[in-house]
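Chemist: I'd like to go over a predicted model; first the sequence, then the structure.
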Amino acid sequence: MTIPKQTTDTANALSPSIGDPVPMAPEQKFFFDLRGWILLPSVLSASEIKEMKTEVYACAKHSYEGALQRLLDHPAIVGILTEILSEDSFVRDDCYSFRCEGSFITVRPPGWSKSERSDMGMPHVVRPPQQANAMRYQVAGNKIFSGLTRVVWELEEVKAGQGGTSFLSGSHKAHFNYGGPDPFRPNISGSPWEASMRAAMDEYSCPAGSVVIFTESLVHAANDWTNTANPRCAVFNCYNSIWAQWHRLNLSHEKIQAMPLKRRSLFRGTWAIGGGPSGNREYSLENRTV
Ligand SMILES: O=C(O)CCC(=O)C(=O)O
Ligand SMILES: [Fe+2]
């Protein structure tokens, strides 16, 4: 896929803080398809990490404001999300070809327990395998469509086995169910193979300022934070096709309206046809995700 380059003038007029997107490398495509997740180590500079952590530890309510807002369309992820969530003919300079579903911050001090989550750390997915639906991972015509997709920004160091998100690599393409009592249950509870599936899950280590991108069709889980050297400090942003929506948006019009023009388009209405010759490009009070 060709990612259109913005001229500096156009880019600045649209959004002063957005740089040229970095295209998804063939190696990243291979491993994302194979495993359902990829890690981009050390994307943020030391000063960016410091600035963003300061906001989080000063109790930023959410990640749609301040320096954290820049993560929504950081150039390091825009090329990848364009590749795995959009169709070439809908890729334009003046709006994004994927949408943002939501964003939240997590701070987990040493000793944090997964029992604090409503799912108690149970490995889960957006929808179980073998169901045809708009959220699922697919590949057709040599093209990935990742479905509901998560981008996790780790603002502190993560050590494998000490509390990062874990993944059952390859499960986004599973052809059989998890063996539980209900084939529509979006987690592995009740499966006689729960322990062996948990044992097969992969973990990652990364320095602060790294990004993990995964399809929500992949079995994944939250884990106890046992790393005593630092808390987990992560921003979880969720994305989807411009034609699909899973979450309600918990973001006010005023907050979106204060964003640079192109960033606002992440929150435009979820429709494609019937809006006049220019199509659905621009966010407005009348054209927003609810
Ligand atoms: O908190 C975690 O590590 C897991 C988060 C999660 O389940 C998700 O992002 O969908
Ligand atoms: Fe999840």
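Modeler: Perfect, I can see it now. Keep in mind that what you see is a predicted model, and the values were worked out from it rather than measured. Ligands and ions are numbered 1, 2, ... in the order given.
Chemist: name the element residue 54 belongs to?
Modeler: Element membership for residue 54 (DSSP states H and E) is helix 46-57.
Chemist: just how off-centre is that helix within its chain?
Modeler: Computed by CA atoms, centre = their mean, to the nearest Å, the separation of helix 46-57 from the middle of its chain amounts to 20 Å.
Chemist: Quick check: mean pLDDT of it?
Modeler: Averaging pLDDT along helix 46-57 gives 97.
Chemist: Which elements pack onto it?
Modeler: In terms of contacts (3 or more CB pairs under 8 Å, 6 or more residues apart in numbering; DSSP states H and E), helix 46-57 is packed against strand 98-108, strand 232-241. Where C-beta positions appear, they are placed from N, C-alpha and C, glycine not excepted.
Chemist: Flag every buried residue along it.
Modeler: Residues 48, 49, 52, 53, 55, 56 are the ones in helix 46-57 that count as buried (16 or more other CB atoms under 10 Å).
Chemist: tell me the two of these that are most distant?
Modeler: Farthest apart among these by CB to CB are 48 and 56. That separation is 12.6 Å.
Chemist: Mind jotting down where the strands sit in the protein?
Modeler: Applying DSSP state E to the chain gives strands spanning 37-40, 98-108, 138-140, 143-145, 149-154, 166-167, 210-215, 220-221, 232-241.
Chemist: Dump the ones you listed into CSV; add distance to residue 82 and mean pLDDT as well.
Modeler: Shown next, in CSV, are these (distance: least, CB to CB, whole Å; pLDDT from 0 to 100):
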stretch, distance to residue 82, mean pLDDT
strand 37-40, 15, 98
strand 98-108, 7, 96
strand 138-140, 16, 96
strand 143-145, 11, 97
strand 149-154, 12, 98
strand 166-167, 23, 98
strand 210-215, 12, 98
strand 220-221, 23, 98
strand 232-241, 10, 98
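Chemist: circling back to that earlier point, nearest to residue 118, out of the helices and strands packed on helix 46-57?
Modeler: When the helices and strands packed on helix 46-57 are ranked by proximity to residue 118 (CB to CB), strand 98-108 comes first, at 13.5 Å.
Chemist: Work out the gap between the closest one and the centre of the chain.
Modeler: The chain centre lies 7 Å from the centre of strand 98-108; the measure is CA atoms, centre = their mean.
Chemist: Flag every buried residue along it.
Modeler: 98, 99, 100, 101, 102, 103, 105, 106, 107, 108.
Chemist: for those residues, which one is nearest ligand 1?
Modeler: Ranked by distance to ligand 1 (CB to the nearest ligand atom), the buried residues of strand 98-108 are led by residue 106 at 6.0 Å.
Chemist: Quick check: the closest one touching residue 237?
Modeler: No. At 11.7 Å, residue 106 and residue 237 do not qualify as touching, with contact defined as CB atoms under 8 Å.
Chemist: still on that earlier bit, among the helices and strands packed on helix 46-57, which comes closest to residue 248?
Modeler: Ranking those by proximity to residue 248 (CB to CB) places strand 98-108 first, at 8.3 Å.
Chemist: check the buried residues of strand 98-108 against ligand 1, which are close?
Modeler: Contacts with ligand 1 within those, counted by CB under 6 Å from any ligand atom: residue 106.
Chemist: Check the gap between the closest residue in space to residue 248 that isn't next to it in sequence and residue 249 for me.
Modeler: Once flanking residues are discounted, residue 248 sits nearest to residue 290: 6.9 Å by CB to CB, 6 or more residues apart in numbering. Distance, residue 290 to residue 249, by CB to CB, to the nearest Å: 6 Å.
Chemist: If anything else comes up later, I'll come back, but that's it for now.
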